[in-house]
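> Need the 3D shape of this:
(one chain, ligands or ions: 2)
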Amino acid sequence: MKDKVFEKPIEKKFEFDQAVASVFDDMLSRSVPFYDEVRDLVISLILAEQEEGKKVLDLGASTAKFLLDLHSKMEAGMRLKGIDNSPAMLERAEQKCRAFGATIELELADMMAYDYSNEDIIVANYTLQFIRPMQRIELIKRLYEGLNEEGMFIFSEKVVFEDKRLDKEMIDIYYAYKKAQGYSDYEIAQKREALENVLIPFTIEENIRMCKEAGFGKIDTIFQWANFVTFVAKK
Ligand SMILES: C[S@@+](CC[C@H](N)C(=O)[O-])C[C@H]1O[C@@H](n2cnc3c(N)ncnc32)[C@H](O)[C@@H]1O
Ligand SMILES: O=C(O)C(=O)C[C@]1(C(=O)O)C=C[C@H](O)C=C1
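Numbering: from 1, shown residues only. Ligands and ions are numbered 1, 2, ... in the order given. Now for the predicted structure:
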């Protein structure tokens, strides 16, 4: 279904509710630059490390698009799990996993309260940015503690830039991308207002520093387009 959520005046801040979940795949494919390519890149990196029984945990799994894609491409019997705190999203994720006959564990859970233990690979694409900044730093520390020695944390985020002029230019370029994807100026403005103080991006440096302070020894970026970046952090 086509995303028309912001064609009308917003009545509340942005939420991952039924209305958003019902158009989510279209919303992401038209709102996140290179959404498919980043998913393929992250999956390729995981497949390079795939082993029988290895655990892959997706935080903010939404409608399980990432996990289903990984499931369809993996050869080793990895244990795939997704958590999300939106019942509407998880309902669709469960429907899709059933439809594809995919053995993927799904849990309705708050990533702030989840018990991370003996994890091999944790993924969080376009999710941390919705966690309050102070809670985010605590979360990353818990992810670090919950990862095994060879563990890997892969996450994609919208970012801001220290250089305010560059930041404005990147935002304008991003909104031009959204317009090219068929969103009207009105929809873009409405969504921007709905996301205000709900989606809180860090700078690239803040994301890296957050991982370093949590204990990660190696943090690299593997993708960037304007204000969207994908990071890989290793213990
Ligand atoms: C932009 S979507 C993530 C997109 C998805 N990872 C993908 O690549 O298709 C953010 C997701 O995080 C979930 N989320 C936000 N805060 C959460 C929390 N505290 N615990 C668990 N899930 C959360 C939302 O319900 C939503 O499904
Ligand atoms: O910043 C925006 O305008 C976005 O739409 C970005 C973003 C995201 O990065 O998570 C916000 C919410 C989702 O609908 C998909 C995209």
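
> Please make it C-alpha for all contacts and neighbour counts, starting now.
Noted.

> Whether the top strand by length along the chain contacts ligand 2 - can you check?
When the chain is parsed with DSSP state E, its longest strand is strand 147-160. Yes: contact of strand 147-160 with ligand 2 (C-alpha under 6 Å from any ligand atom) involves K158.

> Strand 147-160 and the helix or strand following that strand, what's the angle between them?
Where DSSP states H and E defines the elements, the next helix or strand beyond strand 147-160 is helix 164-180. Following axes from the mean of the first three to the mean of the last three C-alpha atoms, to 10 degrees, one obtains 90 degrees for the angle between helix 164-180 and strand 147-160.

> following helix 164-180, which helix or strand comes up?
Downstream of helix 164-180 (by DSSP H and E), the next one is helix 185-195.

> Over whichever helix or strand comes after that following helix, what's the mean pLDDT, rounded is fine.
Following the chain from helix 185-195 toward its C-terminal end, the next helix or strand by DSSP H and E is strand 202-203. For strand 202-203, mean pLDDT is 98.

> tell me which strands and helices strand 202-203 is in contact with?
strand 147-160 (3 or more C-alpha pairs under 8 Å, 6 or more residues apart in numbering; DSSP states H and E).

> For the closest residue in space to N125 that isn't next to it in sequence, name its beta-bridge partners.
In space, N125 comes closest to S156 once its chain neighbours are excluded; the distance is 4.4 Å by C-alpha to C-alpha, 6 or more residues apart in numbering. Beta-bridge partners for S156, by DSSP bridges, are N125, T230.

> Distance from the chain centre to the longest strand of the chain, please.
Chain-centre distance of strand 147-160: 10 Å, with C-alpha atoms, centre = their mean, to the nearest Å.

> Also stretch 66-73?
Distance of stretch 66-73 from the chain centroid (C-alpha atoms, centre = their mean) equals 15 Å.

> what's the answer for stretch 213-221, then?
Centroid separation between stretch 213-221 and its chain, computed with C-alpha atoms, centre = their mean, is 18 Å.

> can you list contacts of that stretch?
137, 140-141, 144, 208, 211-212, 229-235 (C-alpha atoms under 8 Å, 6 or more residues apart in numbering).

> same question, stretch 201-209
With C-alpha under 8 Å, 6+ apart, stretch 201-209 has contacts from 129, 157-162, 219-220, 229.
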